[in-house]
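[1] Just the structure for this:
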Amino acid sequence: MQTPSSSPGRRAGGAKTGGLVTDGRALASYDFLRPAKLPREHLRTLQLAYETFSHRLAILLTSQLRVVCRVGVAAVDQISTDEFLARETEPVVVAPLRFDPLPGTAILELPQVTALTLIDHLLGGPGGKQHVRPLTDLETPLIRDLLADVLTELKIGLAEFVRVDPILGALEYNPQLVQVGGPADVMVTANFELTVGEAESTLTLTVPLQSVLPSLQRHSESAETTAGERAAQQAARDLLTQGLREVPVDVAVRFAPAKLRSNDLFDLRPGDLLSLGHPVSRPLDITTAGRVFGHAVATKQGNRLACQVVSANKEDFPG
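    Numbers count the residues shown, from 1 in each chain. Below you'll find the predicted structure:
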């Protein structure tokens, strides 16, 4: 009998693809430093939320700056923290954000020249070309007040899938000075096209994926459930609840525990009397699964011992 020959990386019925052995099936490589993209429905949810935000932001800026402003969503992408920090960007004003109660830190970035243009319009100026420089101590509160109004519109936009209270942190001028996560953590970045009068610019919002992913998943699940399915789920819950009400449960009536020395315990003999030390005025504990859920007093029902359920102050009898 001849034995089929074998060679490294190949076996009977198999094929070698990209250094991986398969059994007639193609294997896709997975890079843990570049996790899989967000599902399309989650990206669509974010897109809708950001479109609502951009529309409201355009109205806000137009009313406050007294010049026509336009804001649009340019792109929503997913990158690692390393890629985010390694980007080459023009000098920017970095606003760290915390979406309470969600974990993690988001970042809102605005070019310094754009921030100066906004301030110029706020003060009644014509805008125009600005020199790149950090904000002064007088300009910083102005841009913070404007960003606070921007966060109000962002809160309304994100309400499409999650309710948060955005909190603005201390302004920075270098994204690398803001702790946003580990090198391989995934970030979702949204780029907005911003036009203030004749000046065109960009606005970037970057959010940790793990901060918003649970909310996106819940929103997707609720959106996919029809009214009939929700009614069926509620009927199943009601049926389960009713069934649990009829499940037999072991219930015990318990006296207060007694303490004995080891010698007394070992010397116990049949017929000995053991003092429980349970106060006469104290009700007995009604327990199940080791937990106290009620109180009772000892009584009789015919020739049988019984107990009568009574109310008791939990502070007096903590169980």
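
[2] which residue packs closest to residue 153, ignoring adjacent ones?
    Among residues not flanking residue 153 along the chain, residue 56 sits closest, at 4.2 Å (CB to CB, 6 or more residues apart in numbering). Every residue, glycine included, has its C-beta placed from N, CA and C.

[3] State the three-state secondary structure for that neighbour.
    helix (DSSP: H, G, I helix; E, B strand; the rest coil).

[4] Adjust the sequence numbering to begin at 57 for everything that follows.
    Renumbered: residue one is now 57, and that last one reads residue 112.

[5] For it, give its distance to residue 284.
    35 Å (CB to CB, to the nearest Å).

[6] the more surrounded of those two?
    Neighbours of residue 112 and residue 284, each counted by other CB atoms under 10 Å, are more numerous for residue 112; the result is 17 against 8.

[7] Tell me who's in contact with that one.
    Contact partners of residue 112, counting by CB atoms under 8 Å, 6 or more residues apart in numbering, are 209, 212-213.

[8] cutoff 10 Å now
    By CB atoms under 10 Å, 6 or more residues apart in numbering, the contact list for residue 112 reads 127, 206, 208-210, 212-213.

[9] so how many other residues sit close to residue 141?
    15.

[10] Which per-residue confidence value corresponds to it?
    Model confidence at residue 141, given as pLDDT, is 81.

[11] quick one, phi psi at it?
    Backbone torsions of residue 141, given as degrees, to the nearest 10, read phi -80, psi -20.

[12] so how far is residue 177 from the closest residue to it other than its chain neighbours?
    Distances taken as CB to CB, 6+ apart put residue 232 closest to residue 141, at 5.3 Å, once the chain neighbours are dropped. Residue 232 is 30 Å from residue 177, where distance means CB to CB.

[13] These two - which one has more neighbours?
    residue 177 (21 against 11).

[14] And the pLDDT at the more buried one?
    The predicted local confidence for residue 177 is 93.

[15] Check residue 374 too.
    Confidence score, pLDDT, at residue 374: 47.

[16] Please name every helix or strand in contact with the one helix or strand residue 199 maps to.
    If you go by DSSP states H and E, residue 199 is part of helix 195-214. If you count contacts as 3 or more CB pairs under 10 Å, 6 or more residues apart in numbering; DSSP states H and E, helix 195-214 packs onto helix 96-121, strand 148-156, strand 162-167, helix 168-178, strand 221-224, strand 255-264.

[17] ok, 7 Å please
    helix 96-121, helix 168-178, strand 221-224 (3 or more CB pairs under 7 Å, 6 or more residues apart in numbering; DSSP states H and E).

[18] Of the ones you listed, give the one that comes closest to residue 236.
    Closest to residue 236 of the helices and strands packed on helix 195-214 is strand 221-224 (CB to CB; 15.3 Å).

[19] could you say what helices and strands the closest one packs with?
    The helices and strands touching strand 221-224, judged by 3+ CB pairs under 7 Å, 6+ apart, are strand 148-156, helix 195-214.

[20] quick one, which of these is nearest to residue 356?
    strand 148-156 (59.6 Å).

[21] What's the mean pLDDT across that closest one?
    On average, strand 148-156 scores 92.
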